[in-house]
Every structure is written in structure tokens, then in C-alpha cells.
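Asker: just a sequence and a predicted model for now, questions to come.
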Amino acid sequence: MDPKKAIHAQVKNAPQGAGGADSPSKPKDGWDKADVVGKIVGSLFIPLVVLLASYSINVALQKRADQLKTIEIAITILQSDKADNSPLLKDWALGVLQSTAKSASQTIPAPVIEELKKTPLPSNAGTKGQFPIVGLRFTPEEFEKYVSKLEFPEWRPSFIVIHNTGSPNLDDWRSIPGETRMRNLADFYATVQGLSGGPHLFVDDKGIWVFNPLDKPGVHSPSWNKVSIGVEMVGDYTREKVDPAVLNNTVRAVAILDAAFKIQANTLKFHSDDPKTSHVCPGPNLHKEDLIPRIAALLECHSRQQACSPERSPARTE
């Protein structure tokens, strides 16, 4: 046989898949690699999309809650006959009302604005009534003495629920004297929201405000109003970090209440834990790890009758 023909015959009859010209192995390897890469990308991309979607929904819910709370505060200011003493505050409230109307494609006529500047909005406080508040601020040491003198013959809470005020944040909170803030909040809860109570405590960087009487159930978390104490930390923990002084005062306040009611530190709940609420509260910048170890350390000191500070158990670090 002609050598050239022999070589041609060997090439033509080479086994498929063993490196012959018609072997499908290389294209198949390419598709396999593409499939593997696609699966890897999918396994990373899909959870990321879900996470981003969840985050966007939470941000939107928090933004809506903040907007509603701001509108309610503005209405409370416009209903107060004392707002005339604070013209800048009243102008701000009118601005909120105008902005809200504009977003709903409505316009408040200029004569109505002029009338609102002179006359308070009608209030339904007479039909819904007020509820008693304590309205006093204590240092942690004073708060401990205050709690020790209280009696609880009819009601004893089982745990404590932490909230953040959101709006006002800490800077806004400082802009109004505390006593005025307490009265405004009482009017807001009773008049605007028609409630018979509110959170038990508001904790700022200066101390512990007692709002709803501690010997009575408050109104702060729909599932747990009758079995828990509500503690509002002043701040917006969706947008800002927790103020260290607010954190320390909260730890002290909760530890004092836990000791008084014989509550375990690890029973602490966040408002967002309530199955009947959609609020992102107290926000993603506060963690239970910031609170529970410190509270437990203070309770341990209390049981041994030792002096202890809330800083002794370090906060969570990122």
C-alpha cells in the first residue's frame, strides 16, 4: 500500500473520543465547565438578590413608619394651644402638613395655612382622654431607689421589650426640655393614637425617664402589653450608632427592673420579635449582644451585693 494512503487510513479510522478530529470531548468539556460556573454564580447571586430585596423592604417599612410618626408629631403640635409660644416649631409642623398634602397631590389653600397659624387644630382629646404619667427623670442610682419603693400587688411583668424612638432621634430629643417632651408624648399617645398608656421608660444620655407607671401595664408592643415592660431607647438605630451613654443607662435600668421582678437577663426581647408587628425596631445598629451580657453581669454583681458598672461587660464589636 502507498505509505500516504496508509497514513490517511489510520487517521480516518482513529477511535472517536480518543483525540480524533471528530472527538466530542472538547466541546463537551466546554459545556460542562459553563454549567459548573453557572451553578456557582447562581448559588451566590440568588441569595444576594433575596438579601437585597429583604433589606429594601425593611428600609421602606422603616421609612414609612418614620414618616407617619413625623406627621403625627406635627399634628400634635398644631393641636396644642401652647404652640403659639414656639412659632418656629409651629412653622415646621405646618411645613410637614404641606409636604404631606403635596405628596398626595393635594394643596392646602393659603387662607387655611393662615388660619392654622392663628388657631389650633381641633383635638379629640376630650373624647379619648388622657392617661396618668410619671414624667420624672432619674439617674440610675435614683431609679434603683425609686423602684425599690414601688409595690406591685396586681401586675408583675415577665420580661422587658426594647424599642428605639426613631423619631425623635437623640439630637431632636435634646431640642425640647424633658418635662415638655413627656407632656407632648402623653398628649400624642392619648390624642393622636387614642391609647390608654405608653412605654414605661424613655432612656436618654442623661438618665431614665419614667413615663407609664411601672406598676401598671403599658402600651408598646401588641402581643406583650400585658406581660412586659416597654423601654424606649432614644435614638434612630436604623441610621445612627447607639450613643454609649444611652446604652449604659439602658443596661442599668433593665438590670434594676430584672432584679426587682426576678427576671432573667436572657429573656430580653426586641420590639421586632413581636409576631404582631412589622416594625424594624430597635433597628439593625442595636444587638442583643450589646445588652444581655452587661445586664447579666450587673445582676450577678447585685446578687453578690457588689458594686458594678455597666461598662464591665464589653459591648459587641464588629
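Answerer: Done, it's in.
Asker: please count neighbours and contacts with C-alpha atoms only from this point.
Answerer: Will do.
Asker: could you chop the protein up by domain?
Answerer: By the record's domain assignment, the chain is partitioned as 33-117, 130-312 (automatic domain parsing).
Asker: which stretches in this protein count as strands?
Answerer: 136-138, 159-164, 201-203, 208-210, 228-233, 269-270 (DSSP state E).
Asker: what residues does the fifth one touch?
Answerer: Translated: strand 228-233. Contacts of strand 228-233 with the rest of the structure, by CA atoms under 8 Å, 6 or more residues apart in numbering, involve 157-165, 199-204, 214, 217-221, 246-247, 250.
Asker: paired strands for that strand, with orientation please.
Answerer: strand 159-164 (parallel), strand 201-203 (parallel) (DSSP bridges).
Asker: about what we covered before: could you save the strands of the chain as JSON lines and add columns showing distance to residue 182, mean neighbour count and mean pLDDT?
Answerer: Formatted as JSON lines, these follow (distance: least, CA to CA, whole Å; neighbours: other CA atoms under 10 Å; pLDDT from 0 to 100):
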{"stretch": "strand 136-138", "distance to residue 182": "8", "mean neighbour count": "18", "mean pLDDT": "96"}
{"stretch": "strand 159-164", "distance to residue 182": "16", "mean neighbour count": "25", "mean pLDDT": "98"}
{"stretch": "strand 201-203", "distance to residue 182": "9", "mean neighbour count": "26", "mean pLDDT": "98"}
{"stretch": "strand 208-210", "distance to residue 182": "9", "mean neighbour count": "23", "mean pLDDT": "97"}
{"stretch": "strand 228-233", "distance to residue 182": "13", "mean neighbour count": "26", "mean pLDDT": "98"}
{"stretch": "strand 269-270", "distance to residue 182": "23", "mean neighbour count": "20", "mean pLDDT": "97"}
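Asker: switch the ones you listed over to TSV; also include distance to residue 97.
Answerer: Output for the strands of the chain, formatted as TSV (distance: least, CA to CA, whole Å):
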stretch	distance to residue 97
strand 136-138	31
strand 159-164	24
strand 201-203	27
strand 208-210	30
strand 228-233	26
strand 269-270	32
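Asker: nearest to residue 300, of those?
Answerer: strand 159-164 (17.6 Å; CA to CA).
Asker: restrict the closest one to CA atoms and write it as CSV.
Answerer: Output of strand 159-164 as CSV, limited to C-alpha atoms (Å, rounded to 0.1, in the frame of the first residue of the first chain):
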residue,chain,number,x,y,z
PHE,A,159,-39.8,40.2,80.6
ILE,A,160,-38.7,43.5,79.1
VAL,A,161,-39.1,44.7,75.5
ILE,A,162,-36.6,47.2,74.0
HIS,A,163,-37.6,49.8,71.4
ASN,A,164,-35.9,52.8,69.8
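Asker: isn't residue 234 right up against residue 162?
Answerer: No. Judged on CA atoms under 8 Å, residue 234 makes no contact with residue 162 at a distance of 10.8 Å.
Asker: hmm, back to that, rank the domains of the chain by mean pLDDT and give me the bottom one.
Answerer: Among the domains of the chain, domain 33-117 carries the lowest mean pLDDT, a mean of 71.
Asker: contacts only, for the closest residue to residue 138 other than its chain neighbours.
Answerer: Leaving aside its chain neighbours, residue 138 sits nearest to residue 208 (5.2 Å; criterion: CA to CA, 6 or more residues apart in numbering). Each residue near residue 208 by CA under 8 Å, 6+ apart is listed here: 137-140, 143, 201-202, 249-250, 253.
Asker: can I get the residues you listed in a markdown table with distance to residue 281?
Answerer: Shown next, in a markdown table, are those (distance: CA to CA, whole Å):
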| residue | distance to residue 281 |
| --- | --- |
| 137 | 23 |
| 138 | 25 |
| 139 | 25 |
| 140 | 24 |
| 143 | 25 |
| 201 | 16 |
| 202 | 15 |
| 249 | 19 |
| 250 | 15 |
| 253 | 19 |
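Asker: so which of the residues you listed comes closest to residue 92?
Answerer: The closest of the contacts of residue 208 to residue 92 turns out to be residue 202 (CA to CA; 24.2 Å).
Asker: how close does that closest one get to residue 86?
Answerer: Residue 202 sits 24 Å away from residue 86, going by CA to CA, to the nearest Å.
Asker: and what of residue 184?
Answerer: Distance of residue 184 to residue 86, given as CA to CA: 14 Å.
Asker: quick one: which of those two has more around it?
Answerer: Neighbour tally, residue 184 and residue 86, criterion other CA atoms under 10 Å: the higher count belongs to residue 184, 16 against 10.
Asker: so who does that one touch?
Answerer: Residue 184 neighbours (CA under 8 Å, 6+ apart): residue 76.
Asker: quick one: it from residue 226, how far?
Answerer: Distance from residue 184 to residue 226, by CA to CA: 24 Å.
Asker: just residue 263 next, same as before
Answerer: Here the distance between residue 263 and residue 226 works out to 16 Å (CA to CA).
Asker: next one: residue 175
Answerer: According to CA to CA, residue 175 and residue 226 sit 33 Å apart.
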